[in-house]
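> starting from these lines, generate the structure:
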Amino acid sequence: MALKPFSAVEGEGLFVARTGYTGEDGFEIMIPVAQAEDYWVRFLAAGIAPCGLGARDTLRLEAAMNLYGSDMDESTTPLESGLAWTVAWEPTERDFIGRVKLTAQREAGPQRKFVGLLLEDKGVLRGHQKVLADGAGTGEITSGTFSPTLERSIALARVPAATAGEVQVDIRGRLCKARVKPPFVRNGKVLIKV
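Numbering: from 1, shown residues only. Alright, predicted model coming up:
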């Protein structure tokens, strides 16, 4: 527990990182294959409950965290994916692949932005549903699901930069009202008014 968040340590044949991709405090443990079964049994005996990718995906959506291949890929920039904080802009003379394009995009302002959506109507938000932002244009949901914590449907979407407030989502031909509002939950605490 003394390991600080986003830090790691290697020892006794293990690599332990205080990270996780759920928005919750967690640890990732890399175990040699030959010891994996033994550790699994020991974790279960210690009362650690296993969960699957569905649980991980729901938690990371509640925390508004990007998933590569769904919410971002090589066709989107960090500025369009809510990840500008990951770019080391300083020192200014530091060069990296894509710096010229990113600098120009930062100066001009990205045409699209990454937002969270909270569905106001009944339904479930899913990837690739069309988002209509009045006066701003259209976007697309990149990931969506039902949030057990909020008891509502939530999504992440890439929308025109001018999008704000309320939008409509096309759910099988029915326009449903949604509010722009991420992140939703962090470390078990609800961050929005439902």
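> and Ala178, that one's in a strand?
Yes - counting by DSSP: H, G, I helix; E, B strand; the rest coil, Ala178 is found in a strand.
> let's verify the closest residue to it other than its chain neighbours: helix, strand, or coil?
Spatial nearest neighbour of Ala178, excluding adjacent residues (CB to CB, 6 or more residues apart in numbering): Leu117 at 4.3 Å. The C-beta positions use only the backbone N, C-alpha and C, and glycine is treated the same way. Secondary structure state of Leu117, per three-state DSSP, is strand.
> distance of Leu117 from Pro182?
8 Å (CB to CB, to the nearest Å).
> who's more crowded, those two?
Leu117 (27 against 21; other CB atoms under 10 Å).
> give the contact list for the more buried one.
125, 131, 141, 144, 154-157, 167, 169, 178-181 (CB atoms under 8 Å, 6 or more residues apart in numbering).
> and which of those residues is nearest to Thr86?
For these, the residue nearest Thr86 by CB to CB is Leu156; the value is 16.3 Å.
> in the sheet, who's paired with that closest one?
Using DSSP bridges, the bridge partners assigned to Leu156 are Gly116, Ser143.
> ok, back up a step: now the contacts of Leu117 in a markdown table, with pLDDT?
What follows is the contacts of Leu117, written out as a markdown table (pLDDT from 0 to 100):
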| residue | pLDDT |
| --- | --- |
| Leu125 | 97 |
| Val131 | 98 |
| Ile141 | 98 |
| Gly144 | 97 |
| Ile154 | 96 |
| Ala155 | 97 |
| Leu156 | 97 |
| Ala157 | 97 |
| Val167 | 97 |
| Val169 | 98 |
| Ala178 | 97 |
| Arg179 | 95 |
| Val180 | 93 |
| Lys181 | 84 |
